[in-house]
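S.K.: Sequence below, structure please.
(chains A, B and C)
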Amino acid sequence: MPELPEIETIVKGLRSELIHDVISHAVVLREASIGHPSNEDFVRQLPGHEIERVKRRGKYILIELSDKASLVIHLKMSGRLLLKKKKSKHNKFLRVFLTLKSGRELHFEDMRVFGRMWYFGSNQKPEDKIKGLNTMGVEPLDHLDIKYLKPLLKKKTAPIKNVIMDQTIIAGVGNIYADESLFLAGIKPARKAGSLKDSEMKTLIESIIKVLTTAIKAGGSSMKDYTNLEGVNGNYMSQSFVYRRTGQNCRKCKTQIERIKIGGRSTHFCPCCQK
DNA sequence: GGCTTATCCTGGGCGC
DNA sequence: TGCGCCCAGGATAAGC
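M.R.: As a prediction, the model looks like this:
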């Protein structure tokens, strides 16, 4: 389940490998993996474009192409982008692949098929078609501070975990890093967001930034569905405090980590360290 | 408006 | 071994 650090790692890889390469051919093996335009237009319009820039916005990968066109990718649950040699063996979860002028192929694999790719021509803005891009909140590593967060949390009765995972408030934080950030901040995930004191908000912001920065340095998480561009797992999960550690001892106080459901998502926390 | 729940989807784990 | 059930979860729509 790629979140901000995993996407950042992939984007860095794409940036160092693909800039100035040219898409020569596009093949769609599963139509539902294309969000826009039609399957036929996607394979017809994409070839010939040079890759000029690669950016990240939240969990979206934005590839700027020549002629002011763009390719947007969201990996959702299990999507992977892999750079392979020409005519490499196809994984059974391969949904789309692009052949490049350099002779390589960019494979989009997606086991649980929630991931999407969108192509936009020169006069089209991705944010007009992709709602999530249009309503995206701040980038936590750039503009997240108490001045921004405090008015948004005020009077909110939803659990704080739901709020920090809300992409319209903070971009890129998902289940793993929400649990880890709340542990570091010493805040129970079920707490009403509006009940946080200023000092707790400040600690939470610092924790989110610290967790994401640490994960980026580690090359992302090591969940089985995630790898970087070369197919290598990151190693953040080996150092997680609470995520997927139900029943194991807390690394700080030795109390058993508990798991509950918040917003339909598995939530892991230490009942002793988090208040 | 704010919040919760259902939906999409499929491989893996588990019990029988 | 094979079957059925449950779980995982990001974004969005629907419902309360």
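
S.K.: strands paired with whichever helix or strand residue A:268 is part of, and their directions?
M.R.: Under the criterion of DSSP states H and E, residue A:268 resides in strand A:265-269. According to DSSP bridges, strand A:265-269 has the following sheet partners: strand A:258-262 (antiparallel).

S.K.: Now do the buried residues in the partner strand.
M.R.: Taking 16 or more other Cβ atoms under 10 Å as the neighbour-count basis, strand A:258-262 is seen to contain the buried residues A:258, A:260, A:262. C-beta coordinates here come from the backbone N, C-alpha and C atoms, glycine included.

S.K.: any idea of the mean pLDDT for the strand holding residue A:268?
M.R.: When the per-residue pLDDT values of strand A:265-269 are averaged, the result is 89.

S.K.: what about it and DNA strand B, any contact?
M.R.: No. If you take Cβ under 7 Å from any atom of the strand as the test, strand A:265-269 misses DNA strand B, and the best it gets is 8.9 Å.

S.K.: okay, the residue nearest to residue A:99 when sequence neighbours are not counted: pLDDT?
M.R.: Nearest non-adjacent residue to residue A:99, counting by Cβ to Cβ, 6 or more residues apart in numbering: residue A:25, 3.9 Å away. You'll see residue A:25 listed with a pLDDT of 96.

S.K.: To what extent is residue A:25 buried, counted in neighbours?
M.R.: For residue A:25, the count of nearby residues is 14 (other Cβ atoms under 10 Å).

S.K.: On the three-state scheme, it is what?
M.R.: What DSSP: H, G, I helix; E, B strand; the rest coil gives for residue A:25 is strand.

S.K.: Around DNA strand B, pick out the residues from the stretch 151-275 of chain A.
M.R.: Taking Cβ under 7 Å from any atom of the strand as the criterion, the stretch 151-275 of chain A approaches DNA strand B at residues A:155-159, A:162, A:193-194, A:263-264.

S.K.: Understood, closing this out.
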